[in-house]
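1. sharing a model that was predicted from the sequence below.
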Amino acid sequence: MAEAESKRHTWGTVPEGRSERDFMKHIRSVSLIVLVVAAALSSAALAQGRLKVAVVGPFSGFESFIGPDTLKGVQLASDLINQAGGVLGKTIEVSTGDTTGDAIDAVPALQKVVNVNGVNGIIGPSSVTLQAALPFIKNLNIVDIMVGGTTAIDNNALPNLFRTTPSDSLMGVAMAYYAKSKGYTKAAVVFGTNASAQTLKAPVVDTFKKAGGTIVADVGISPNQSSYRSEILKIYAAHPDVVFFQLDPGTGGTYFKEVSQLEGASVPYVGTDVTASADFIKAVGAQTADAMIVSVEGSSTGGSGATTFDNAYQKKFGGKPVELANYGYDAMNVMALAWQKAGATSGKSVFQAMHDVASAPGTACTSFAECSSLLKAGKDINYEGASGPVDFNAYGNVTAGFEAVKVDTQGNAKVLMAISAKDLEPYMK
């Protein structure tokens, strides 16, 4: 999943007056100090009969839907876990940390939940702030399940870092696959200038070219400008028959307003899970979305646990699940099951258990209650999630199927095409 730039700094910017080297040394030093404090606070939480989990991500600023949407899934899972008797005889307590979608704020947000709250596990941060947070995460002895598709951790070497969201490497391939299936041969690529959006661009371009397509224009879009007239004219002058894109909601609202005025709905746009979000659809308008945009996102049918998740979500929150909630739900469940299998909340045994509880050849199970009962009976398990299988590879990543969806004029999403992981295999070699 790709995130947009923050409102105050470009991705990875260091504070004024400090070199990047000094800034990263400072982060590493603070991380080592926090590690000691975190261990003490984590032990205190265990002694008090609570296991603490923090959702860390943007709750304000750009991509501010990521934090709240992920949180809903985590809250739902924690409620069901507590109803089932908790983990290791303890209940789960959920807190939050706001990164504001800004790399500069990521480490302070993590410091707060670790140093002040004494958490036993972290869900987050998002792609746009992950790079700045990695030195801190590296020194933690607890599980961190990040939220987002950044390709920066496709070959992740940290044993405590995982994600339940598919990599943008896969999403980019799925976007190009959909476009080629529709017969498009000439594409423009229009992505935000933030690093996370730019990493998504590469797999789209590479796959489209591999499938015989041509890139006729490549235009970067700086967020939050008052007009994109010159960029739009450049794109349409290249005469693409499809446009691949990723923009944050605010930027997208301005961009598509001008596209409608200058060019109308003459060229289809293929976007990502972000462009399928309620915030993005609200920003560009359902009429525009219906006329121009198809978004590729993780499969809404999910895995074997989707029905359980959907019913529980409806009961707790009402309505259809929001984007990312199923990934947060799966992250919380897998983390809790790993704790139970390992009999601990930190250390190498937990990191290994993250792989063990979510992979074959264990008995398939789709809820914490069901999986927990099997573990207590001495059985090996294979948690099948709401978002799909959560089989972590050696790098802590998952594979997934996708769907191409379109929102109608009433704001209702309709699936146009299902894209399986098997469909994408020929383009991943």
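-> Right, received. Where do you want to start?
2. how much space between the residue nearest to residue 256 when sequence neighbours are not counted and residue 101?
-> Of all residues not flanking residue 256 in the chain, residue 284 sits nearest, at 4.4 Å (CB to CB, 6 or more residues apart in numbering). Quick note: C-beta positions are derived from backbone N, CA and C, even for glycine. Distance, residue 284 to residue 101, using CB to CB, to the nearest Å: 19 Å.
3. between the two, which one's more packed in?
-> Between residue 284 and residue 101, counting by other CB atoms under 10 Å, residue 101 is the more crowded of the two (30 against 24).
4. related to what we said a few turns ago, isn't the residue nearest to residue 256 up against residue 251?
-> No: counting by CB atoms under 8 Å, residue 284 does not reach residue 251; the two are 10.2 Å apart.
5. now the spatially most central residue of the chain: how far from residue 81?
-> Central residue of the chain (CA atoms, centre = their mean): residue 148, 2.4 Å from the mean position. The gap separating residue 148 from residue 81 is 24 Å, by CB to CB.
6. ok, residue 315 next?
-> 16 Å.
7. between those two, which one's more packed in?
-> Neighbours of residue 315 and residue 81, each counted by other CB under 10 Å, are more numerous for residue 81; the result is 24 against 10.
8. dihedrals phi and psi, the more buried one?
-> Here is the backbone geometry of residue 81 (degrees, to the nearest 10): phi -60, psi -50.
9. wait, it sits on residue 368?
-> Yes: under the criterion of CB under 8 Å, residue 81 makes contact with residue 368 at 4.9 Å.
10. give the intersection of the neighbour lists for those two.
-> 333, 336 (CB atoms under 8 Å, 6 or more residues apart in numbering).
11. SS state for residue 304?
-> Under DSSP: H, G, I helix; E, B strand; the rest coil, residue 304 falls in the coil class.
12. pretty sure it is touching residue 384, no?
-> Yes: contact criterion CB under 8 Å: residue 304 and residue 384 qualify, at 4.0 Å.
13. looking at the two, which has the bigger crowd around it?
-> Between residue 304 and residue 384, residue 384 has the larger neighbour count (other CB under 10 Å), namely 22 against 17.
14. tell me the contacts of the nearest residue to residue 421 once chain neighbours are set aside?
-> Using CB to CB, 6+ apart and skipping the chain neighbours, the partner closest in space to residue 421 is residue 399 (4.9 Å). Applying CB under 8 Å, 6+ apart to residue 399 gives the contacts 166, 170, 389, 391, 393, 421.
15. list the buried ones in stretch 381-400?
-> Residues of stretch 381-400 classed as buried: 381-392, 396-400 (neighbour count, 16 or more other CB atoms under 10 Å).
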